[in-house]
Each structure stands twice: as C-alpha cells, then as structure tokens.
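Engineer: Could you look at this predicted model? Sequence included:
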Amino acid sequence: MEFIREYADWFYLIGAVLFILTLRGLSGPKTAIAGNRYGMIAMAIAVLTTFFVADNPVIWMIVGAMVLGAVVGIARARTVPMTQMPETVALMHSLVGLAAVLIAIAAIIHNNKLVELGPDLLAANGVNFHEMSRVHLFELFVGCFVGAITFTASVFAYGKLAAKKWAKTISGAWVKPVQALIFIAMLAAGIHFFLTGNMTSFWAMTALALAFGWVWIAPVGGGDMPVVVSLLNSFSGWAAAGIGFTLENNMLIVAGSLVGSSGAILSYIMCKAMNRSIINVLFGGAMGGAAAPTAAAGAAVQRNYRSGSADDAGFLMSNADSVVIVPGYGMAQGRAQNAVKELANLLKEQGVTVRFAIHPVAGRMPGHMNVLLAEADVPYEDILEMDEINSDFPATDVVLVIGANDVVNPAAKDDPNSPIYGMPILEAHKARTIMVIKRSMATGYAGLDNDLFYNDKTMMIFGDAKKVVEDMTKAINGTGH
C-alpha cells in the first residue's frame with residue numbers, strides 16, 4: 001500500500017514511542033498491563049509496516065511463518081506453568097539470537113549471488129546493486145557473532161533452569177584458557193571477514209561464536225542464573241539492533257536498542273543487589289552450585305535444628321501482630337501462591353498485619369516472585385522490596401520463609417569465607433520468630449548451607465509448600481485435624 005510506504009517512518013516513530021511507553025509501564029506492577037498492551041500495539045505496527053514496505057516479499061513464506069509462530073506462542077503461553085517461566089524466557093532469547101544469525105547468513109548469501117550475476121546483468125534487469133560496504137560487513141559481523149553467542153548461551157541457560165541432563169556445569173583450570181582461546185579465534189575470524197569479505201572466515205566466526213556461547217555460560221553457577229537470563233535478554237536486543245542496521249530497518253534498531261539497554265541496566269541492578277560485578281558473575285563462577293566445603297568433603301557434621309508442624313505455625317501467626325512472608329523458588333515449585341494469598345487474607349481478617357518481602361534475585365529470573373504474587377492478586381501495596389522492609393524485621397513478630405534459601409542466608413553478612421559474603425539479603429534472622437517451609441534440609445540453588453535454619457528462633461516445617469500453607473490456613477480456621 002502506497003500510503004504505508006510513504007509514511008513508513010512515521011509509523012516506525014509511533015511504534016518506537018509505544019515501545020518506550022512499554023518499558024515505562026513494565027517498571028511497576030500497577031502499570032504492567034498497560035505496558036504490555038502498548039508493546040503489543042507497537043509490535044503489530046512494526047510488523048505490518050515492514051510487511052508492506054518490503055520489496056517483493058514472498059507472501060506465503062512470511063504469512064506461514066507468522067501463523068506457525070503465533071500457534072506455537074499461544075500454545076506455550078496457555079500451557080506453561082509459572083515454575084517453567086524462567087526457562088521459557090531463556091528459550092525465547094535463544095530464538096532472537098538464532099534469527100539474527102539466519103538474517104546475517106541470508107544477507108551475505110544474497111549479496112554473493114548478486115555479485116556472481118554481475119553488475120551488467122543486474123542493470124539490464126533494472127536492479128541497481130552496490131556491493132556491500134565495510135560498514136555493512138561490520139554490521140553483519142557484530143549482529144551475527146552476538147546473535148550466535150546469545151543463541152547457544154540461552155539454550156544452555158534453558159537447559160540448566162529446566163534441569164536437563166545435557167546442560168551440565170563445567171569447571172576446572174582449563175575452562176578460562178579455552179574460553180579465551182575460542183573468543184580470540186572468533187574475533188580473528190570476524191576481523192578477517194570484515195576486512196576481506198571472505199566467506200570461510202564468516203563461517204568460522206559463526207561456528208566459534210556458537211561454541212563460545214556454550215562454554216561461556218556453562219561454568220556459571222545456578223545462583224547466578226537470574227543475572228544470566230537478564231544479560232542474555234540484553235544480548236538479544238543488541239543482536240536485533242545490529243541486524244536492524246543491516247536491513248536498514250529503523251524500528252528494529254530502536255526496539256533492539258531499548259531491549260539491549262534495559263537488559264543491561266537490569267543486569268547491573270541485580271549484580272548490585274548481590275554485591276557482585278558482572279565480570280565476577282560471568283567469569284568468576286563463585287556461585288557454581290558446589291556444596292558447602294564440609295558437605296563436599298563428606299564430613300559428618302551434625303547440626304541441630306528445631307522442627308514443628310503446620311498447626312504450630314498457624315497458632316504462632318494467628319497470635320502475632322505482624323507477619324512478613326518471604327517467598328522463594330519453593331513457592332513457585334509448589335505452585336503455592338494462591339494458597340499463600342488465602343493465608344494472608346485470613347490473617348488480615350484476624351487483625352494481623354501481613355506483608356511480603358521480595359529480594360531482587362529471588363527465584364530463577366528477574367521479578368519471578370512479583371509475577372507469582374501478581375498472578376494470585378496479592379495487593380501491590382503489600383509487596384515490599386528488600387530496601388523498603390529490611391529495617392522492619394527487628395520489630396516483626398513472625399517471618400514465614402517459603403522455599404527461599406540464599407536470599408535470607410546470614411552468612412552473607414557474618415561469614416567472610418562464604419562465596420556470598422557481602423551480598424545484601426533479607427534480614428529475616430532479626431525477626432522475633434522465624435518459620436521456614438522446605439521439603440528437606442538440602443542446600444539452595446547456590447549450593448550453600450544456611451545458618452538461618454539452625455537459629456534458636458527458627459522452626460523448620462517440612463513438606464510441599466502448597467500443602468503446608470493450606471494446613472496452616474486450616475489450623476487458623478480451626479478446621480485442621
């Protein structure tokens with residue numbers, strides 16, 4: 001349509017503004033729904049505009065791919081449980097990286113075929129062709145290798161978060177030299193392609209980038225995966241922006257830059273919350289999931305802890321003035337968010353002040369706990385971030401920790417030898433009474449034992465999070481057995 005072709009830049013500008021409003025909306029739970037709607041409208045404008053301004057599009061391939069993608073996306077969105085959302089996000093990032101690689105390959109192959117036809121034959125058929133400039137080669141170089149790294153790194157992150165057997169953490173003195181060797185070889189091949197346009201160098205760079213993405217993320221420990229997911233989100237954006245320059249698509253450049261920069265900012269915020277540098281997370285492997293030293297050595301270290309029942313917990317909470325609930329991955333794994341909401345409502349009816357404390361890296365991805373609580377319609381004003389609630393713990397009667405470990409581990413403040421020393425935590429240990437729901441005394445995702453579990457003020461309650469919380473509610477209601 002000529003109208004869309006003529007005003008394509010205006011449509012792209014409208015889409016860009018809507019994408020900015022999307023990020024603004026997604027910055028808070030109250031505006032997140034509106035933000036999502038802005039994003040959907042912006043993407044629809046971008047896709048339709050690009051569809052109509054493209055030269056000689058192969059309609060059946062484009063429409064077929066869009067329909068197939070929509071079917072898969074809708075089916076996944078409707079069926080994925082919240083416990084699998086982190087790995088689903090990682091998998092989506094991998095597809096963005098793969099798309100960047102395939103577009104780069106298609107652009108180069110298309111260019112080479114035009115070169116083979118020759119300028120005279122092309123001119124005779126009305127094609128005005130100019131061989132790729134150094135700028136275009138650089139754009140392909142950046143877009144392709146960033147996309148390739150994003151693809152394999154995201155696939156590994158997906159496998160690790162989904163506990164797949166093939167996504168095994170690698171460790172040893174050989175890892176960093178191998179990473180450096182592959183990275184240097186990848187850059188050398190890419191630079192040679194940039195300078196000469198040699199296809200052998202391009203294929204070598206792509207293969208090495210795919211390998212580097214895997215060995216780069218494979219040593220990263222489970223406790224650092226939320227940062228990795230955020231960083232890969234940023235990488236997928238930069239890959240898209242790089243390919244946007246190649247395709248001369250302003251909308252893709254803007255959208256990719258927004259995703260890339262917002263992902264990078266979020267990664268920085270999360271690293272700050274863990275008192276770690278991004279370099280330490282990606283190349284330090286400090287939280288690689290190794291067990292605590294005594295456990296790893298098989299030493300028979302016996303530590304005493306106090307356990308109780310859901311009835312005991314219900315009695316303590318119903319007689320408290322204030323309760324703070326600290327959710328962790330155990331709540332997501334047990335799909336207990338609705339049961340937790342019911343418990344909170346019941347306590348409020350009895351005059352208890354109930355709030356939720358959220359750590360920036362709780363769960364398996366940024367904002368994981370916020371999403372779960374929003375799904376259960378927990379009031380936004382009851383959900384407080386770490387910096388907002390830490391000073392209130394000493395005056396709190398009961399803290400209920402549901403499946404969280406590392407984000408409430410006092411070793412981060414007390415033990416200089418701990419790998420998480422210096423990481424800001426939710427200071428649940430300062431409350432008057434602490435109750436922890438866990439399946440067992442096993443370590444958390446970072447592989448570290450938690451001194452909080454052995455605190456004299458702590459009562460451990462073992463079992464599935466949803467069932468335990470439901471039993472607590474029954475005990476408070478007086479309907480338990």
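Structural biologist: Looks like it came in fine.

Engineer: From now on I want contacts and neighbour counts done on CA atoms only, so please keep to that.
Structural biologist: Noted.

Engineer: where in the stretch 201-350 of the chain is pLDDT low?
Structural biologist: Counting by pLDDT under 70, the stretch 201-350 of the chain contains low-confidence residues at 221-223, 284-302.

Engineer: can you give me the helices in it?
Structural biologist: 225-247, 250-273, 278-284, 293-296, 310-318, 329-333, 337-349 (DSSP state H, counting those that start in this stretch).

Engineer: Check which helices and strands the last one is in contact with.
Structural biologist: This points to helix 337-349. Judged by 3 or more CA pairs under 8 Å, 6 or more residues apart in numbering; DSSP states H and E, helix 337-349 is in contact with strand 353-358, helix 368-375, helix 465-477.

Engineer: hmm, 10 Å instead?
Structural biologist: helix 310-318, strand 322-327, helix 329-333, strand 353-358, helix 368-375, helix 465-477 (3 or more CA pairs under 10 Å, 6 or more residues apart in numbering; DSSP states H and E).

Engineer: so the fifth one versus strand 322-327, what angle?
Structural biologist: Between the axis of helix 368-375 and that of strand 322-327 there is an angle of 110 degrees, by axes from the mean of the first three to the mean of the last three CA atoms, to 10 degrees.

Engineer: got the phi/psi numbers for G367?
Structural biologist: As for G367, its main-chain torsions (degrees, to the nearest 10) stand at phi 80, psi 20.

Engineer: residue nearest the centroid of this structure?
Structural biologist: Closest to where the C-alpha atoms of the chain average out (CA atoms, centre = their mean) is V229, at 3.3 Å.

Engineer: how far away is that residue from A157?
Structural biologist: Here V229 is placed at a distance of 7 Å from A157 (CA to CA, to the nearest Å).

Engineer: any shared contact partners between these two?
Structural biologist: 86-87, 89-91, 93 (CA atoms under 10 Å, 6 or more residues apart in numbering).

Engineer: Please identify which of these is nearest to E388.
Structural biologist: P86 (25.5 Å; CA to CA).

Engineer: Tell me who's in contact with the closest one.
Structural biologist: P86 neighbours (CA under 10 Å, 6+ apart): 157-158, 161-162, 225-226, 229, 363-366, 368.

Engineer: Repeat the analysis, applying 6 Å as the threshold.
Structural biologist: Applying CA atoms under 6 Å, 6 or more residues apart in numbering, we find P86 in contact with 364-365.

Engineer: try the one 4 residues further on
Structural biologist: With contacts defined as CA under 6 Å, 6+ apart, the neighbours of A90 are 154, 158.

Engineer: any weak-confidence spans in the stretch 351-481 of the chain?
Structural biologist: 444-447, 479-481.

Engineer: What ranges does it have for its helices?
Structural biologist: Going by DSSP H, counting those that start in this stretch, the stretch 351-481 of the chain shows helices at 368-375, 386-389, 411-414, 465-477.

Engineer: export those helices to CSV and tack on mean neighbour count and distance to I420?
Structural biologist: Shown next, in CSV, are the helices of the stretch 351-481 of the chain (neighbours: other CA atoms under 10 Å; distance: least, CA to CA, whole Å):
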stretch, mean neighbour count, distance to I420
helix 368-375, 20, 21
helix 386-389, 16, 17
helix 411-414, 18, 5
helix 465-477, 21, 26
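
Engineer: Same list (the ones you listed) but as CSV, adding distance to I45.
Structural biologist: Listed next are those as CSV, based on distance: least, CA to CA, whole Å:
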stretch, distance to I45
helix 368-375, 27
helix 386-389, 38
helix 411-414, 48
helix 465-477, 43
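
Engineer: quick one, strands of this protein?
Structural biologist: Applying DSSP state E to the chain gives strands spanning 322-327, 353-358, 383-385, 398-402, 433-438, 458-462.

Engineer: For L23, which of the ones you listed is the nearest?
Structural biologist: Of the strands of the chain, nearest to L23 by CA to CA is strand 383-385, at 19.5 Å.

Engineer: Listing partners with orientation, what would you give for that closest one?
Structural biologist: In the sheet, strand 383-385 lines up against strand 353-358 (parallel) (DSSP bridges).

Engineer: ok so, going back, how about a markdown table for the strands of the chain, with mean neighbour count and distance to G64 added?
Structural biologist: Shown next, in a markdown table, are these (neighbours: other CA under 10 Å; distance: least, CA to CA, whole Å):
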| stretch | mean neighbour count | distance to G64 |
| --- | --- | --- |
| strand 322-327 | 25 | 42 |
| strand 353-358 | 23 | 43 |
| strand 383-385 | 18 | 43 |
| strand 398-402 | 26 | 45 |
| strand 433-438 | 24 | 47 |
| strand 458-462 | 22 | 51 |
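
Engineer: possible to save those as CSV with distance to A148?
Structural biologist: Putting the strands of the chain into CSV (distance: least, CA to CA, whole Å) gives the following:
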stretch, distance to A148
strand 322-327, 35
strand 353-358, 34
strand 383-385, 36
strand 398-402, 38
strand 433-438, 39
strand 458-462, 44
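
Engineer: excluding its backbone neighbours, what's nearest the residue nearest to the centre of the chain?
Structural biologist: Nearest non-adjacent residue to V229, counting by CA to CA, 6 or more residues apart in numbering: A90, 6.1 Å away.

Engineer: cool, W238 as well?
Structural biologist: G260 is the one closest to W238 (CA to CA, 6+ apart), at 5.1 Å.

Engineer: Make sure the one you found is actually in contact with L232.
Structural biologist: No. G260 is beyond contact range of L232, at 9.0 Å (criterion: CA atoms under 6 Å).

Engineer: who has more neighbours, those two?
Structural biologist: L232 (26 against 23; other CA atoms under 10 Å).

Engineer: Give me the pLDDT for the residue nearest to the more buried one when sequence neighbours are not counted.
Structural biologist: Excluding its sequence neighbours, the residue lying closest to L232 (CA to CA, 6+ apart) is T150, at 6.1 Å. Here, the pLDDT recorded for T150 equals 93.

Engineer: distance of T150 from P366?
Structural biologist: 18 Å.

Engineer: Neighbour count: the two, which is higher?
Structural biologist: T150 (35 against 22).

Engineer: quick one, what contacts T169?
Structural biologist: For T169, the contact set (CA under 6 Å, 6+ apart) comprises 218-219.

Engineer: what comes up buried for stretch 233-249?
Structural biologist: Using 16 or more other CA atoms under 10 Å as the test for burial, stretch 233-249 gives 233-247, 249.

Engineer: how about the nearest residue to Q350, chain neighbours excluded?
Structural biologist: Nearest to Q350 is S318, by CA to CA, 6+ apart, at 7.1 Å.

Engineer: can I see the domain layout of the protein?
Structural biologist: 1-79, 90-284, 310-477 (automatic domain parsing).

Engineer: Serialize these to TSV and add fields for distance to N304.
Structural biologist: Listed next are the domains of the chain as TSV, based on distance: least, CA to CA, whole Å:
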stretch	distance to N304
domain 1-79	41
domain 90-284	26
domain 310-477	6
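
Engineer: With R303 as the reference, name the closest of those domains.
Structural biologist: Nearest to R303, of all the domains of the chain, is domain 310-477, at 7.1 Å by CA to CA.

Engineer: gap between the two ends of that closest one?
Structural biologist: So domain 310-477: terminal residues 12 Å apart, CA to CA.

Engineer: Closest one to I383 out of the shared contacts of V229 and A157, please.
Structural biologist: Scanning the shared contacts of V229 and A157 for proximity to I383, where the rule is CA to CA, the winner is P86, at 20.8 Å.
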